[in-house]
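**Student:** below is the sequence, then the predicted model.
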There are 2 protein chains.
Amino acid sequence: MMLNVVSFEEAKRITEAEFSSFEIGTEKLNISYCLGRVLAQDIVSEENIPPFSRSTVDGYAALSQDTFGAGESIPAMLSLKGEILMGEEAKTAVSSGECIKISTGGMLPKGADSVVMVEHTEQMFDGTCLVFKAVSPFQNVTRKGDDVKVGQTVIKKGTKITSRHIGILCALGITQVECARKIRVGIISSGDEIVSVENEVPMGKIRDINSHFLAALIKENGYDAIEYGILKDDFDELYSTLQKAADECDAVLISGGSSAGAKDMTAAVIDKNGEVFFHGIAVKPGKPTIFGKVRGKAVFGLPGHPAAAYLIAKTVVLSLLRFCNKQADKELTVTAEITESISSNHGREELVPVILEQGKAQPLFFKSGLVSLLSSADGFVIIPRNKEGLFTNEKVTVHLF
Amino acid sequence: MMLNVVSFEEAKRITEAEFSSFEIGTEKLNISYCLGRVLAQDIVSEENIPPFSRSTVDGYAALSQDTFGAGESIPAMLSLKGEILMGEEAKTAVSSGECIKISTGGMLPKGADSVVMVEHTEQMFDGTCLVFKAVSPFQNVTRKGDDVKVGQTVIKKGTKITSRHIGILCALGITQVECARKIRVGIISSGDEIVSVENEVPMGKIRDINSHFLAALIKENGYDAIEYGILKDDFDELYSTLQKAADECDAVLISGGSSAGAKDMTAAVIDKNGEVFFHGIAVKPGKPTIFGKVRGKAVFGLPGHPAAAYLIAKTVVLSLLRFCNKQADKELTVTAEITESISSNHGREELVPVILEQGKAQPLFFKSGLVSLLSSADGFVIIPRNKEGLFTNEKVTVHLF
């Protein structure tokens, strides 16, 4: 089998091309359960908000043209036609020369286009209302549909629902929304040297960091993680577990065994079960990354080194999951100056974790085996492959964790 | 009862002062369940990572001083003492003039301080190993404790646990951690005009946006939200429900009835049940905000206008909850240039939602009753009360939602 190494951008393109016709199913969810889920429909308003024009002050609804020229010395004189309380339907129309008393929130009566504040009026005993200040059209009025109009798309398909979207859904009286089914990601840890975190670590063995690490990352991003445990370097066991995981999940991550060594059998197992599209990405850390397809599902072989596995999952894997999920939520990035120069390998991308401190990005220099540094980082910087590094104070885009 | 209006900063100071001795209680959680929870203990390593110095290459473990001066023409000559495989304990020590064959990841034997790469050596039949390139001390070696040292604090108390923290916990073999108990927030919606989102909206009534809106915000931030439904403007009902909520929760939010009108009884109900510390914050939007204490629990009266309620909950309420939770996670802020000038009221803070687009912050001008704008915002800018506004292209700090 050929070791097919691709660039970081190619990796993204290849994974997306393979799943360009992927359809995640949908499910109808009550708004109490849709926080953090991805919308599978446009939310189009069937209502105007507000449903009618209303007053934003206590005062008198009138035709603005009747008040033009009114002032302290020469008030406009309007004849009072009644009162509209908040919560009442305005049944009487206002004609030129007339006004109706109205409360804050009250429905603007037909004919009126503005409200004179009570402070600028004086009511006479004969039912005349004196207006001492002119109002312009729609002054002191929130117009029907000012916030949302009938037919307006208020939330787009692919949006990850936040608390702020819940607000607008409630405002529109929408209690159920169509969401993308939760993507299920199977996680397999492999390697004779891997022992469970709960156990003592005999000499020469290492703890299974990646299962938990990757599962947490997957869950943090709103997907389901299903752990298939720690497997020995045994072809048949890996083969059958991968098959099971591919049947039960939408994507499978296999950590470890992704290099080209004698005991590295991830690529061969994927190949026998399906197809391998690339084996190796020209990126540091994370070169030993495999992408393939088994029973129509995406399978990634990830590096055994935790920090490398994490960064590749964060970039390449999550990018594909978002693509499959048709997610349109923005990735959070920040522009900052880098505090130290970094020399980089020409010809391959480099992912550098950074700490953000007062608008500056401080790079963390780490070997891919080190996990403590990653936990203190706020994000990472990508050094493009056509750059030989970064200069001190150079502006960089920080991708937030 | 006096209407005690405070500044935005005073509001924060007063709320924190009242709960400065608040103790949230803790619970031990398995690492599978601690994602997003707040650590109630420092995580101190009881191990070195790596636990022993190890080779990062395939080669020969040796004393670096024995290789000084070695080159292509004059190799250093070392006598081979055996081999250490990955996963094996190094039992034989290396003395001056000796070397031991070692694999990547293998344990560095006693005496050796470096590893010569196999590419720079030649093995003779008589057991002599020729070294053609000098190594410096600790070259090709990851030293014991390079990543984490015994006694080192790797995660601080008050940290919100992310997937990256799970990685370091696993690396240290820590499967249980002490976390702050989840803060419970009771939510009461009040007002004769409020109807449930599920129902038809009769003329003059409005949908209950705030219960769901606030509950989602509370959950989104990792706390529990308990909804106590929609109450009429009835003193006794509000009184008894507030008492129940205060008994069952750590904090209570009452939406609506927080102004100073005839039907606004939130302040009076809190006062009768406990104490009101302020009634009104000099901030736009969100002036009608009440803070008090009932049965030792924080109670907030929030504006009925959804966007105002949301922004006050996001700032004043969440700030107190984080304080009570002893949370140390950073608030995410971004520096950006504002795309339009904003004039602001001197004398009170103003919260302006913005959309972030290519590093620029575009302000959304909104009346506090509008909820659609808020759902499209990425964060908000605070205009301080001693400023009369913002100039176009002025640099601002955007607090991300």
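**Tutor:** Thanks, I have it.
**Student:** ranges for the strands of the stretch 251-400 of chain A?
**Tutor:** A:251-255, A:274-279, A:283-284, A:290-294, A:297-302, A:333-338, A:342-343, A:349-357, A:360-363, A:379-383, A:389-390, A:395-400 (DSSP state E, counting those that start in this stretch).
**Student:** which among those strands is found nearest to B:Asn393?
**Tutor:** Among the strands of the stretch 251-400 of chain A, the nearest to B:Asn393 by C-beta to C-beta is strand A:333-338 (15.4 Å). Yep, even glycine has a C-beta here, placed from its N, CA and C like the rest.
**Student:** note down every partner strand of the closest one and its orientation.
**Tutor:** Strand pairing for strand A:333-338, using DSSP bridges, gives strand A:360-363 (parallel), strand A:395-400 (antiparallel).
**Student:** on that earlier part again, can you add mean neighbour count and mean pLDDT and give the strands of the stretch 251-400 of chain A back as JSON lines?
**Tutor:** JSON lines is the format used below for the strands of the stretch 251-400 of chain A (neighbours: other C-beta atoms under 10 Å in any protein chain shown; pLDDT from 0 to 100):
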{"stretch": "strand A:251-255", "mean neighbour count": "27", "mean pLDDT": "97"}
{"stretch": "strand A:274-279", "mean neighbour count": "20", "mean pLDDT": "96"}
{"stretch": "strand A:283-284", "mean neighbour count": "22", "mean pLDDT": "92"}
{"stretch": "strand A:290-294", "mean neighbour count": "23", "mean pLDDT": "97"}
{"stretch": "strand A:297-302", "mean neighbour count": "26", "mean pLDDT": "98"}
{"stretch": "strand A:333-338", "mean neighbour count": "19", "mean pLDDT": "90"}
{"stretch": "strand A:342-343", "mean neighbour count": "15", "mean pLDDT": "90"}
{"stretch": "strand A:349-357", "mean neighbour count": "21", "mean pLDDT": "92"}
{"stretch": "strand A:360-363", "mean neighbour count": "20", "mean pLDDT": "93"}
{"stretch": "strand A:379-383", "mean neighbour count": "21", "mean pLDDT": "95"}
{"stretch": "strand A:389-390", "mean neighbour count": "18", "mean pLDDT": "92"}
{"stretch": "strand A:395-400", "mean neighbour count": "17", "mean pLDDT": "94"}
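**Student:** for B:Ile43, find the nearest of these.
**Tutor:** strand A:349-357 (18.2 Å).
**Student:** how is chain A divided into domains?
**Tutor:** Structural domains assigned to chain A are A:8-25+A:182-324, A:26-49+A:147-180, A:54-142, A:333-400, following automatic domain parsing.
**Student:** run the chain-centre distance for the first one.
**Tutor:** Domain A:8-25+A:182-324 sits 23 Å away from the centroid of its parent chain (C-alpha atoms, centre = their mean, to the nearest Å).
**Student:** ends of it, what's the gap?
**Tutor:** 19 Å (C-alpha to C-alpha, to the nearest Å).
**Student:** next: stretch A:334-348.
**Tutor:** 23 Å.
**Student:** how far away is whichever residue of the stretch 201-350 of chain A sits closest to chain B from B:Cys170?
**Tutor:** Here the residue of the stretch 201-350 of chain A nearest chain B is A:Gly204; by C-beta to the nearest C-beta that distance is 2.6 Å. Remark: distance between A:Gly204 and B:Cys170 (C-beta to C-beta, to the nearest Å) = 18 Å.
**Student:** now A:Val381
**Tutor:** For A:Val381, the distance to B:Cys170 - C-beta to C-beta - is 26 Å.
**Student:** looking at A:Gly204 and B:Cys170, which has the bigger crowd around it?
**Tutor:** B:Cys170 (23 against 15; other C-beta atoms under 10 Å in any protein chain shown).
**Student:** who touches the residue lying closest to that one once chain neighbours are set aside in this structure?
**Tutor:** Closest residue to B:Cys170 apart from its sequence neighbours, by C-beta to C-beta, 6 or more residues apart in numbering or on different chains: A:Ile209 at 4.2 Å. By C-beta atoms under 8 Å, 6 or more residues apart in numbering or on different chains, the residues touching A:Ile209 are A:197, A:306, A:371, B:167, B:170-171.
**Student:** what's opposite A:Ser55 in the beta bridge?
**Tutor:** If you apply DSSP bridges, the partners that A:Ser55 bridges to are A:Val141.
**Student:** does it touch A:Ile102 like I think?
**Tutor:** Yes: using C-beta atoms under 8 Å, A:Ser55 makes contact with A:Ile102 at a distance of 4.7 Å.
**Student:** tell me, what's touching the two both at once?
**Tutor:** By C-beta under 8 Å, 6+ apart, the residues touching both A:Ser55 and A:Ile102 are A:61, A:108, A:115.
**Student:** what is the nearest of the residues you listed to chain B?
**Tutor:** Out of the shared contacts of A:Ser55 and A:Ile102, the member with the shortest distance to chain B (by C-beta to the nearest C-beta) is A:Leu108, at 13.5 Å.
**Student:** can you check the pLDDT for the closest residue to that closest one other than its chain neighbours?
**Tutor:** Spatial nearest neighbour of A:Leu108, excluding adjacent residues (C-beta to C-beta, 6+ apart): A:Ser53 at 4.1 Å. Note for A:Ser53: predicted pLDDT of 93.
**Student:** against chain B, how distant is A:Ser53?
**Tutor:** Here the criterion is C-beta to the nearest C-beta, to the nearest Å. By it, A:Ser53 lies 13 Å from chain B.
**Student:** same check on A:Gly25?
**Tutor:** 24 Å.
**Student:** so who does the residue lying closest to that residue once chain neighbours are set aside touch?
**Tutor:** Nearest residue to A:Gly25, sequence neighbours excluded (C-beta to C-beta, 6+ apart): A:Arg181, at 4.4 Å. For A:Arg181, the contacting residues are A:24-27, by C-beta under 8 Å, 6+ apart.
**Student:** which among those residues count as buried?
**Tutor:** A:Ile24 (16 or more other C-beta atoms under 10 Å in any protein chain shown).
**Student:** so which of the contacts of A:Arg181 sit within strands?
**Tutor:** The members of the contacts of A:Arg181 that map onto strands under DSSP state E are A:26-27.
**Student:** would you check which pair of the contacts of A:Arg181 lies furthest apart?
**Tutor:** The widest separation within those (C-beta to C-beta) is 10.2 Å, between A:Ile24 and A:Glu27.
**Student:** which of the shared contacts of A:Ser55 and A:Ile102 has the most neighbours?
**Tutor:** A:Ala61 (32 neighbours).
**Student:** what sits closest to A:Cys324 if chain neighbours are left out?
**Tutor:** A:Phe22 (4.7 Å).
**Student:** how about the residue of chain A positioned farthest from its centre, secondary structure?
**Tutor:** Taking C-alpha atoms, centre = their mean, the residue of chain A most remote from its mean C-alpha position is A:Asp126, at 61.4 Å. Assigned with DSSP: H, G, I helix; E, B strand; the rest coil, A:Asp126 falls in the coil class.
**Student:** try A:Ile218
**Tutor:** Applying three-state DSSP: A:Ile218 is helix.
**Student:** so A:Arg96 makes contact with A:Ala62?
**Tutor:** Careful, residue A:96 is Ser and not Arg. No: using C-beta under 8 Å, A:Ser96 is not in contact with A:Ala62, being 9.2 Å away.
**Student:** appreciated, that's everything.
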